[in-house]
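Q: Sequence plus predicted model, see below.
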Amino acid sequence: EAPPYQNEISKEAKVVQELVSTIRRMLQTMANGDISVSAYYTSLVARIVALDGSKRPQFLESMTWILENQSLDGSWDEKNLLWDYDKICSTLGCIVALAIWSEGEQNVERGLDFIWRQIAKMEAMEWFNLSIGFKIKFPQLLEHAKDMGLSLPYDSPMVKIAQRGSLPMHTQYECPTTRLLSLEAFFKMVDWHKLMTLQARNGFSLSSFASNARTLVHIENHKWLGYLENVLQKFHGAVPIVNFGDIFEQVKIVDLLERLGISRYFKIEIKNSLDCICRWWYWTNAGGDSPCHDLSHIAMAFRLLRLNGYDVNPGVFTQFKRSHEFFCQVGVMKNTLMGMYNLYLASQTLFPGETLLEEANILTRKFLEEKQAQNETCHHEYSISHDVEYVLKFPWYASLQRLETQEYLERYANHTMIPNLQLTPYVINEALLRFAKEDFNLCQSIHRRELEAILKWNRDCRFEEIVYARQKSIEGYFMATSTMFEPELVSARLVFAKGVVLLIVIDDFFDIGGSLQELRTTLEALKRWDMDFLKEQSEHIRIVSMGFVNTINSISQEASIAQGRDVSAYIKQIWLEVAISMMKETEWKEYNYMPSLEEYMKVATCSVGVGAIACSSMLCLGPRISDELIYHPDYHKLSNLLCVVGRLLNDMRGFKREHSQGKSCSIMIYLNGNPKATQDDAIRYMESRVKQTMKELVAEVFRPSLLPRACKQLHLNMAKILNLLYQKDDAFSSPFEVAKHIERLLFTPLH
């Protein structure tokens with residue numbers, strides 16, 4: 001009979017499998033572009049006079065939709081609108097459409113009553129937090145309503161806060177700007193014939209249905225008319241929020257699946273979407289069928305393509321930069337929180353030499369920090385205060401995938417809080433939320449059982465009996481599961497966790513575990529792989545030595561099974577090199593020898609041990625790694641970059657402890673060679689080296705090479721783990737630094 005926990009996991013797995021099938025079917029229909037409808041856009045289409053000259057609506061089905069879809073409170077409330085002022089625009093638009101055709105007298109009265117109530121509520125709002133679109137659309141709607149004698153509070157301060165911007169209208173025909181999204185508000189100023197040069201091949205021309213509807217009032221365009229008729233047929237008289245088939249809907253759904261930690265179930269669908277996004281990127285130079293270039297969408301697409309190994313050029317962001325600032329719409333010197341947020345995320349993936357992204361990173365971080373300090377992140381567009389807080393606290397270099405997923409899932413319970421993703425029914429779908437939570441809890445159940453196995457292994461090794469050694473079994477397993485969380489990666493996780501524990505034990509052993517002669521004798525025994533050599537040594541030395549040998553044998557066995565060949569000699573070699581380099585540092589300390597920085601780094605990048613852990617785990621990931629690849633210069637470079645990051649971070653946060661023990665480290669060597677420098681100067685210098693090395697590592701991971709992508713990603717993930725652990729202090733020496741993350745990730749299920 002299976003243990004109770006296995007039955008529990010089996011039930012969760014069955015639920016997950018059922019949800020995978022449901023969501024996969026949903027994704028396969030995404031090419032149809034199913035998205036939510038807009039009462040506001042529908043009202044504009046309903047106002048179009050028949051093109052045959054008769055005094056009737058051109059699209060009766062839109063009028064019917066308006067009459068049949070008023071909410072009980074009197075509004076026309078689109079499901080995904082977050083703010084009252086958006087509801088006011090939609091409602092007033094429908095009221096104006098009904099009044100034009102003298103239809104739905106009771107609907108109009110109920111709608112007017114709703115607007116009076118909402119405007120009274122909004123009098124107390126801070127006007128600078130109203131969206132730009134509202135400030136443009138609302139005044140022109142009021143103007144129409146006043147002309148028709150509708151009873152509304154025209155003297156309300158609401159009217160006075162509307163800003164129509166100062167962009168000269170002639171620039172609208174020279175380059176696409178955000179005005180293309182709201183041309184219905186500028187219809188008296190527009191040369192409609194000039195705008196027809198922006199029409200796309202499918203007939204959709206001006207980025208929003210509102211602008212296109214207004215165009216049809218002035219110009220009889222059969223291509224656009226046919227396109228709109230198809231749209232109304234598809235949506236039963238209503239108009240969608242954006243043109244269906246929009247490439248950015250695929251960007252959003254891929255981003256969502258990755259954030260929710262469930263992308264592995266939909267690899268084929270995601271690959272198809274990314275290929276489609278990439279074709280669009282190259283075909284239009286990131287311009288899209290829509291002529292209105294939007295920074296937020298472009299930044300999302302750039303980040304997703306780059307992080308999935310596609311070759312994209314950050315030069316696309318040049319169009320959004322003027323002087324020393326970035327803006328969110330071509331032709332409009334105006335920043336939005338969402339655009340700056342997405343550009344900040346994209347800028348963190350920069351490669352060496354990408355100065356444009358480096359500048360964007362500095363400016364967008366400053367922008368977000370200012371908005372956060374002014375408490376504007378929760379009132380602007382869609383509330384993303386938690387998202388801004390998270391990315392500022394945990395930059396991409398220090399953000400672990402599983403922690404990010406858990407944070408995101410906790411906010412996703414309220415779907416209106418999701419940045420970028422407020423439109424598609426695929427996003428506003430309980431199946432996705434339920435599935436992601438079930439999957440998270442399933443993985444967590446498996447992880448807790450694996451942690452028990454690691455703790456038992458640690459006891460079997462008797463490492464707990466070594467009083468001077470830090471006990472980090474739980475932290476080691478946390479590091480493994482925070483990125484390699486998939487159930488099928490159990491072997492790589494366990495090897496990673498054992499490697500972390502072993503590394504800390506032997507590090508403490510060589511630091512304070514015995515006399516120089518005892519350490520030399522122990523190292524000689526390890527080189528011979530002969531524990532009989534240590535019969536006369538103390539118990540703690542035999543425990544460390546036997547633990548080392550047995551653990552390396554266990555790791556070698558796992559790696560050899562995964563690789564389908566014996567790799568034990570290589571595993572043994574890389575771990576012995578770690579011990580040898582630690583011995584070298586001990587001898588430096590014993591003889592008060594201060595090496596040069598170059599000499600130190602040659603030894604210390606090995607003694608830090610992260611290269612041995614990463615390589616051992618990599619061999620258990622699944623992809624077959626030949627001897628040629630293991631010794632290939634590409635892998636040597638990748639491993640060395642990781643080791644440099646690990647060593648410098650360790651030195652920056654632990655140099656006081658190392659100095660108290662009489663050990664050399666990069667900080668002390670730098671100060672010795674630069675007598676006028678302070679400790680802060682040394683730390684800043686090392687921080688700059690870490691940042692540069694991380695850029696090189698990111699470029700190495702995402703550029704094409706012979707190494708499997710999963711193997712390269714493991715090294716980047718480990719560098720991110722180190723950046724998190726050493727973000728403020730030495731987390732290995734401070735028991736409270738990662739305790740909160742461990743509790744949430746391993747012991748707190750999602751409900």
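A: Perfect, I can see it now.

Q: Once you drop chain neighbours, what's closest to residue 64?
A: In space, not counting the residues next to it along the chain, residue 64 is nearest to residue 237; the distance is 5.6 Å by Cβ to Cβ, 6 or more residues apart in numbering. C-beta here means a position set from N, CA and C on the backbone, and glycine is covered the same way.

Q: so which strand or helix has that neighbour?
A: Using DSSP states H and E, residue 237 falls within no helix or strand.

Q: Hmm, it is touching residue 67, no?
A: No: with contact defined as Cβ atoms under 8 Å, residue 237 does not count as touching residue 67 (10.0 Å).

Q: Around residue 365, how many other residues sit close by?
A: Counted with other Cβ atoms under 10 Å, residues neighbouring residue 365 total 17.

Q: My error: substitute residue 247 in the last question.
A: The burial count for residue 247: 19, using other Cβ under 10 Å.

Q: measure it to residue 317 for me?
A: According to Cβ to Cβ, to the nearest Å, residue 247 and residue 317 sit 18 Å apart.

Q: Name the residues of stretch 704-716 that are buried.
A: By 16 or more other Cβ atoms under 10 Å, the buried positions in stretch 704-716 come out as 705, 707-708, 711-716.

Q: Just put those residues in CSV and tack on pLDDT, secondary structure and distance to residue 447.
A: As requested, those are exported to CSV (pLDDT from 0 to 100; DSSP: H, G, I helix; E, B strand; the rest coil; distance: Cβ to Cβ, whole Å):
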residue, pLDDT, secondary structure, distance to residue 447
705, 91, coil, 31
707, 94, coil, 27
708, 95, coil, 24
711, 96, helix, 22
712, 97, helix, 24
713, 97, helix, 19
714, 97, helix, 18
715, 98, helix, 22
716, 98, helix, 21
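
Q: for residue 91, what are its contacts?
A: Counting by Cβ atoms under 8 Å, 6 or more residues apart in numbering, residue 91 makes contact with 39, 74-77, 111, 114-115.

Q: mind running it again at 10 Å?
A: 39-40, 43, 70-71, 73-77, 110-112, 114-115, 118, 141 (Cβ atoms under 10 Å, 6 or more residues apart in numbering).

Q: what's the single longest helix in this structure?
A: Counting residues, the longest helix found in the chain (DSSP state H) is helix 430-461.

Q: Pull the helix or strand that it is followed by out as CSV, backbone CA atoms only.
A: Next along the chain after helix 430-461, taking DSSP H and E as the criterion, comes helix 473-481. Written as CSV, here are the backbone C-alpha positions of helix 473-481 (Å, rounded to 0.1, in the frame of the first residue of the first chain):
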residue,chain,number,x,y,z
SER,A,473,21.1,21.1,4.7
ILE,A,474,17.9,23.0,4.4
GLU,A,475,19.5,26.1,2.9
GLY,A,476,21.3,23.8,0.3
TYR,A,477,18.1,22.2,-0.7
PHE,A,478,16.3,25.5,-0.9
MET,A,479,18.9,26.7,-3.3
ALA,A,480,18.3,23.7,-5.5
THR,A,481,14.6,23.8,-5.5
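
Q: so how far is helix 473-481 off the chain centroid?
A: The chain centroid and the centroid of helix 473-481 are separated by 22 Å under Cα atoms, centre = their mean, to the nearest Å.

Q: quick one: average pLDDT of the very next helix or strand once past that helix?
A: Per DSSP H and E, the first helix or strand lying C-terminal to helix 473-481 is helix 490-512. Regarding helix 490-512, the rounded mean pLDDT is 96.

Q: Equivalent analysis for stretch 647-663, please.
A: 87.

Q: Figure out how far that stretch is from the centre of its chain.
A: That offset, for stretch 647-663, works out to 32 Å (Cα atoms, centre = their mean).

Q: Just the CA atoms of it, as CSV, please.
A: C-alpha atoms of stretch 647-663 as CSV (Å, rounded to 0.1, in the frame of the first residue of the first chain):
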residue,chain,number,x,y,z
ARG,A,647,34.0,34.4,-5.3
LEU,A,648,33.6,38.2,-5.4
LEU,A,649,30.2,38.2,-3.8
ASN,A,650,31.5,35.9,-1.1
ASP,A,651,34.4,38.2,-0.4
MET,A,652,32.4,41.4,-0.4
ARG,A,653,29.9,40.1,2.2
GLY,A,654,32.3,37.9,4.2
PHE,A,655,35.6,39.8,4.2
LYS,A,656,35.4,40.9,7.8
ARG,A,657,35.0,37.3,9.0
GLU,A,658,37.7,36.1,6.6
HIS,A,659,40.0,38.9,7.8
SER,A,660,39.4,38.0,11.5
GLN,A,661,40.6,34.5,10.6
GLY,A,662,43.7,35.8,9.0
LYS,A,663,42.7,34.7,5.5
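
Q: What are the buried residues along it?
A: By 16+ other Cβ under 10 Å, the buried positions in stretch 647-663 come out as 647-655, 658, 663.

Q: Please apply the same query to stretch 611-627.
A: 611-622, 625.

Q: Check the spacing between residue 602 and residue 371 real quick.
A: Distance from residue 602 to residue 371, by Cβ to Cβ: 45 Å.

Q: Nearest to the middle of this structure, which residue? Look it up for me.
A: By Cα atoms, centre = their mean, the chain has its centre lying nearest to residue 259, at 6.1 Å.

Q: Could you check how far that residue is from residue 403?
A: 12 Å.

Q: wait, doesn't residue 367 sit right on residue 341?
A: Yes: counting by Cβ atoms under 10 Å, residue 341 is a contact partner of residue 367 at 9.1 Å.

Q: quick revisit: among residue 602 and residue 371, which residue is more densely surrounded?
A: For residue 602 versus residue 371, the count of surrounding residues by other Cβ under 10 Å is larger for residue 371: 21 against 13.

Q: host element of the more buried one?
A: Assigned by DSSP H and E, residue 371 falls in helix 355-373.

Q: For the helix or strand that that helix is followed by, what does the pLDDT average out to?
A: On the C-terminal side of helix 355-373, the nearest following helix or strand under DSSP H and E is helix 385-393. Mean per-residue pLDDT for helix 385-393: 90.

Q: Can you name the residues that contact residue 101?
A: Per Cβ under 10 Å, 6+ apart, neighbours of residue 101: 46-47, 49, 55-57, 60, 63, 66.

Q: Ignore what I typed, I meant residue 373.
A: Counted by Cβ under 10 Å, 6+ apart, residue 373 has zero contacts.

Q: So which helix or strand of the chain has the lowest pLDDT on average?
A: One helix or strand of the chain scores below all others by mean pLDDT, DSSP states H and E: helix 171-174, with a mean of 48.

Q: Could you list the low-confidence segments of the stretch 601-750 of the chain?
A: For the stretch 601-750 of the chain, the stretches flagged by pLDDT under 70 are 730-737.

Q: Quick one, grab the pLDDT at the residue lying farthest from the centre of the chain.
A: Distance to the chain centre peaks in the chain at residue 536, reaching 55.1 Å (criterion: Cα atoms, centre = their mean). On the pLDDT scale, residue 536 is placed at 80.

Q: now residue 229
A: Per-residue pLDDT puts residue 229 at 84.

Q: Quick check, it in contact with residue 59.
A: Yes: contact criterion Cβ under 10 Å: residue 229 and residue 59 qualify, at 8.1 Å.

Q: Done for today, thanks.
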